[in-house]
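A.B. asks: predicted structure and sequence below. I'll ask about it afterward.
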Amino acid sequence: MCGIVGYIGKKNAYPVILTGLRHLEYRGYDSAGIALFSDGIKVHKKKGRVSDLEKFIEGKDVSGTIGIGHTRWATHGEPSDANAHPHATENGDVAVVHNGIIENALTLRSFLQSRGHVFSSETDTEVIAHLIEEMENEKSKSFFDSVRRALNRLVGAYAIAALSVREPGTMVVAKKGSPLVIGVGEGEFFVASDAYPISEHTKKVVYLEDGEVAALTASGIVEIRTIENEKRTPRVKKIDLEIEALEKDGFDHFMQKEIFEQPCAVRDCLRGRLSVPPKKAPVLNLGGLRDVEEKLFSAERFVFLGCGTSWHAGLIGRRFFETLTRVPSIVQYASEFRYEDPLVRDTDVFVAVSQSGETADTLAAMKLAKERGATVLGVCNVVGSSVAREAHAGLYTHAGPEIGVASTKAFTTQIAALFLIAARCAEKRNALGPRRFGELLETLRGIPEKIGDVLGREERIRDIAERFGETKNAVYLGRGISFPVALEGALKLKEISYVHAEGYPAAEMKHGPIALVDENMPVVIVAPRGEHHEKIVSNAEEIRARKGKIIAVVSEGDASFDSIAEDVIEIPECDELFSPFLSVIPLQLLAYYVAALRGCDVDRPRNLAKSVTVE
Ligand code: F6R
């Protein structure tokens, strides 16, 4: 949510920052801006996409070897030129870009106005620029010190990059609750909200910790201190990322590419963790859990935390854990959890699920669980992200960068990682016989190929999407482990095509929602073969009797929907426990094609951002 980029070195900063902003546009895209340092600070900013900013800047002075840039997802103040970042003081002496939310912005704004500061935007961020200037006027010993002291007055979350005319060769950056990475080059530094825009320039990075402030010049990291002024030593890490992974590879959209990457992504998630030696029992090797094994294997309860799609993955994870380990498990919306004064025991193991690893609600929930004595695992995709660093232990999903705002491969790899952890716990607890354990892991190993099989039915799903026409509403139904898949299908459709869609447990329909059904209502039913299959067939009959247009996702060879459904999409036969890996794929493709055929901006749906770093 909001992307920050910065450069300081010998090159012209503008192209470096512009390219970086393009890579970070998935984080927000309602306005963009750049501040460049050459003979004072020059700010260029514009409502709209990074491409609008680029057009706006054409012909203007873009010289300077130091600069900061921003792509915005609005929190305080509507998307507009004035509210776009960077925000500068009225004399232009200080400029700031910010990701996060300053909760005491209104109080600070009144205080600063009483001191004569004039504001030109409605944002919370502008407060930071004026506050830094206020500290500069109070004669801090350096620009770094002004920023540090200003940050002490802020309540809320931030990652910032700031420039001041007082020290033309310095950029000050800081982080608390929102991500910020510093790339270390030869005589140059890069700053960004995640490591991808940096990875094309250098593989050496410093992840700032919460509450740290750093001063950068072209010749080095001058200092890192906490906002309380304790000295810190930078810890340089090597990253293993390739910027090429951010290209579309001939697909029309990143979302489409990422849907098709799922066989490979799930394989990468299992790689090195699940091996099946010939004629021997499968072996699980989950090094990421080593530090917490004792707690994990004796847990009395598992609690899954997540938001959106990651919460749906948690719902499926819960089912895996209860089925395999027989340990009671629950799922909580991370955004609700900490406001419920939750009961947490030291025998609980929490599992925080997050693609970005930066979702503010998920992070706050895991911190609370830790404070109250629980062991906390992280299952996330972005290496070095805040969730990964906050967790006691965990697994990366290794899905590769997910750029499309709608999560697809993140979901299937999250459930793969959750299955691995559940299976390992079950093995250690002797909750499964060796035969069942072997069968399950054999099935898991075969899942990537089966996902590939479903992807082969793309054309058919595109045809169904064409017939969706101008439908404004849709219902998704499932039972048992297919219910979270129905929720996920509905979320995909609404977020990228703006068609209102609801997911329900199929049998709940007759308790109210069935009133919505008429001949115009598409009803997507997720009904792979399984224990209670005949029950969902009956639910489908109830829909059909009200003239609903049924699209059924069924197991290969299942004819039970032939006379009920308008359209049937088959998925390969598999143990019902694994069906979400396969049944979600047609729903992702359906949402994708409905949105693409309607001309929606699939990768950048309105009002959304990829990484939600505000509460
Ligand atoms: C939906 C989607 C969101 C995210 C949610 C959590 O397609 O992408 O619902 O799942 O914002 O994000 P992460 O997984 O990064 O914590």
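C.D. replies: Yes, it's here.
A.B. asks: roughly how far apart are residue 83 and residue 119?
C.D. replies: Distance, residue 83 to residue 119, by CB to CB, to the nearest Å: 11 Å. (C-beta placed from N, C-alpha, C; glycine too.)
A.B. asks: tell me which of those two has more neighbours.
C.D. replies: Using other CB atoms under 10 Å as the criterion, residue 83 and residue 119 rank with residue 83 on top: 23 against 17.
A.B. asks: the more buried one and residue 122 touch, don't they?
C.D. replies: Yes: in this structure, residue 83 is within contact of residue 122 by CB atoms under 8 Å, at 5.9 Å.
A.B. asks: can you show me the helices along the stretch 501-615 of the chain?
C.D. replies: Shown for the stretch 501-615 of the chain, the helices assigned by DSSP state H, counting those that start in this stretch span residues 533-545, 579-597.
A.B. asks: list the buried residues in the last one.
C.D. replies: Spelled out, that is helix 579-597. For helix 579-597, a neighbour-count test (16 or more other CB atoms under 10 Å) marks 579-596 as buried.
A.B. asks: gap between stretch 599-615 and the chain center?
C.D. replies: 10 Å (CA atoms, centre = their mean, to the nearest Å).
A.B. asks: what's the average pLDDT for it?
C.D. replies: When pLDDT is averaged along stretch 599-615, the result is 78.
A.B. asks: in the stretch 201-350 of the chain, which residue sits nearest the ligand?
C.D. replies: The ligand sits closest to residue 308 of the stretch 201-350 of the chain, with a gap of 1.8 Å, by CB to the nearest ligand atom.
A.B. asks: burial count for that residue?
C.D. replies: Neighbours of residue 308 using other CB under 10 Å come to 23.
A.B. asks: what sits against it?
C.D. replies: Applying CB atoms under 8 Å, 6 or more residues apart in numbering to residue 308 gives the contacts 407, 491.
A.B. asks: next one: it from residue 578, what distance?
C.D. replies: Taken as CB to CB, the span from residue 308 to residue 578 is 23 Å.
A.B. asks: now residue 65
C.D. replies: Residue 65 is 54 Å from residue 578, where distance means CB to CB.
A.B. asks: so which elements touch the helix or strand where residue 259 lies?
C.D. replies: Element membership for residue 259 (DSSP states H and E) is helix 254-260. If contacts are counted by 3 or more CB pairs under 8 Å, 6 or more residues apart in numbering; DSSP states H and E, helix 254-260 sits against helix 579-597.
A.B. asks: alpha carbons only: can I get the helix it packs on in PDB?
C.D. replies: Taking C-alpha atoms only, helix 579-597 is exported to PDB below (Å, rounded to 0.1, in the frame of the first residue of the first chain):
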ATOM      1  CA  SER A 579      -9.900 -30.600  -4.100                       C
ATOM      2  CA  PRO A 580      -9.400 -26.900  -3.200                       C
ATOM      3  CA  PHE A 581      -6.000 -26.900  -5.100                       C
ATOM      4  CA  LEU A 582      -8.000 -27.900  -8.300                       C
ATOM      5  CA  SER A 583     -11.500 -26.400  -7.800                       C
ATOM      6  CA  VAL A 584     -10.200 -22.900  -7.200                       C
ATOM      7  CA  ILE A 585      -8.500 -22.800 -10.600                       C
ATOM      8  CA  PRO A 586     -11.700 -22.600 -12.700                       C
ATOM      9  CA  LEU A 587     -13.000 -19.900 -10.400                       C
ATOM     10  CA  GLN A 588      -9.800 -17.800 -10.800                       C
ATOM     11  CA  LEU A 589     -10.000 -18.200 -14.600                       C
ATOM     12  CA  LEU A 590     -13.700 -17.400 -14.600                       C
ATOM     13  CA  ALA A 591     -13.200 -14.200 -12.600                       C
ATOM     14  CA  TYR A 592     -10.200 -13.300 -14.800                       C
ATOM     15  CA  TYR A 593     -12.200 -13.700 -18.100                       C
ATOM     16  CA  VAL A 594     -15.300 -11.900 -16.800                       C
ATOM     17  CA  ALA A 595     -13.200  -8.900 -15.800                       C
ATOM     18  CA  ALA A 596     -11.000  -9.000 -19.000                       C
ATOM     19  CA  LEU A 597     -14.000  -9.300 -21.300                       C
END
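A.B. asks: residues of the stretch 451-600 of the chain that sit close to the ligand?
C.D. replies: Near the ligand, the residues belonging to the stretch 451-600 of the chain are 491, 495 when assessed by CB under 6 Å from any ligand atom.
A.B. asks: can you map out the strands along the stretch 451-600 of the chain?
C.D. replies: 473-478, 500-505, 522-527, 549-555, 567-571 (DSSP state E, counting those that start in this stretch).
A.B. asks: between the shortest one and strand 549-555, how big is the angle?
C.D. replies: What it means is strand 567-571. Comparing the axes of strand 567-571 and strand 549-555 via axes from the mean of the first three to the mean of the last three CA atoms, to 10 degrees yields an angle of 20 degrees.
A.B. asks: can I get strand 567-571 in PDB, CA atoms only?
C.D. replies: Taking Å, rounded to 0.1, in the frame of the first residue of the first chain, the C-alpha atoms of strand 567-571 are listed here in PDB:
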ATOM      1  CA  ASP A 567     -22.400 -25.500 -17.600                       C
ATOM      2  CA  VAL A 568     -20.200 -28.100 -16.000                       C
ATOM      3  CA  ILE A 569     -16.400 -27.700 -15.500                       C
ATOM      4  CA  GLU A 570     -14.600 -30.900 -14.700                       C
ATOM      5  CA  ILE A 571     -11.500 -31.100 -12.500                       C
END
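A.B. asks: chain neighbours aside, what residue packs nearest to residue 79?
C.D. replies: Excluding the flanking residues, the one nearest residue 79 by CB to CB, 6 or more residues apart in numbering is residue 30, at 3.5 Å.
A.B. asks: OK, contacts around the one you found?
C.D. replies: Residue 30 touches 47-48, 72-74, 79, counting by CB under 8 Å, 6+ apart.
A.B. asks: which one of those sits in the busiest neighbourhood?
C.D. replies: residue 72 (28 neighbours).
A.B. asks: correct me, but it touches residue 84?
C.D. replies: Yes: taking contacts as CB under 8 Å, residue 72 lies within contact range of residue 84: 6.0 Å.
A.B. asks: list residues touching both of those two?
C.D. replies: Listed as contacting both residue 72 and residue 84 by CB under 8 Å, 6+ apart are 31-33.
A.B. asks: need the single longest helix in this protein, by residues.
C.D. replies: Across the chain, the longest stretch assigned as helix under DSSP state H is helix 434-455.
A.B. asks: give me the more crowded residue out of residue 65 and residue 578.
C.D. replies: More crowded of residue 65 and residue 578, by other CB under 10 Å: residue 578, with 22 against 19.
A.B. asks: do you know how far the residue in the chain sticking out farthest from the centre is from the ligand?
C.D. replies: Distance to the chain centre peaks in the chain at residue 139, reaching 41.0 Å (criterion: CA atoms, centre = their mean). For residue 139, the distance to the ligand equals 43 Å [CB to the nearest ligand atom, to the nearest Å].
A.B. asks: need the contacts of residue 30 in CSV (columns: distance to residue 390, pLDDT and secondary structure).
C.D. replies: Shown next, in CSV, are these (distance: CB to CB, whole Å; pLDDT from 0 to 100; DSSP: H, G, I helix; E, B strand; the rest coil):
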residue, distance to residue 390, pLDDT, secondary structure
47, 35, 94, strand
48, 35, 92, coil
72, 26, 91, strand
73, 22, 79, coil
74, 27, 78, coil
79, 31, 87, coil
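A.B. asks: close to the ligand: what parts of the stretch 301-450 of the chain are there?
C.D. replies: Counting by CB under 6 Å from any ligand atom, the stretch 301-450 of the chain comes close to the ligand at 307-310, 354-356, 359, 362, 406-407.
A.B. asks: looks to me like residue 272 is in a helix.
C.D. replies: No: counting by DSSP: H, G, I helix; E, B strand; the rest coil, residue 272 falls outside a helix, being coil.
A.B. asks: what residues does it make contact with?
C.D. replies: residue 285.
A.B. asks: for residue 283, see how far away it is.
C.D. replies: 11 Å.
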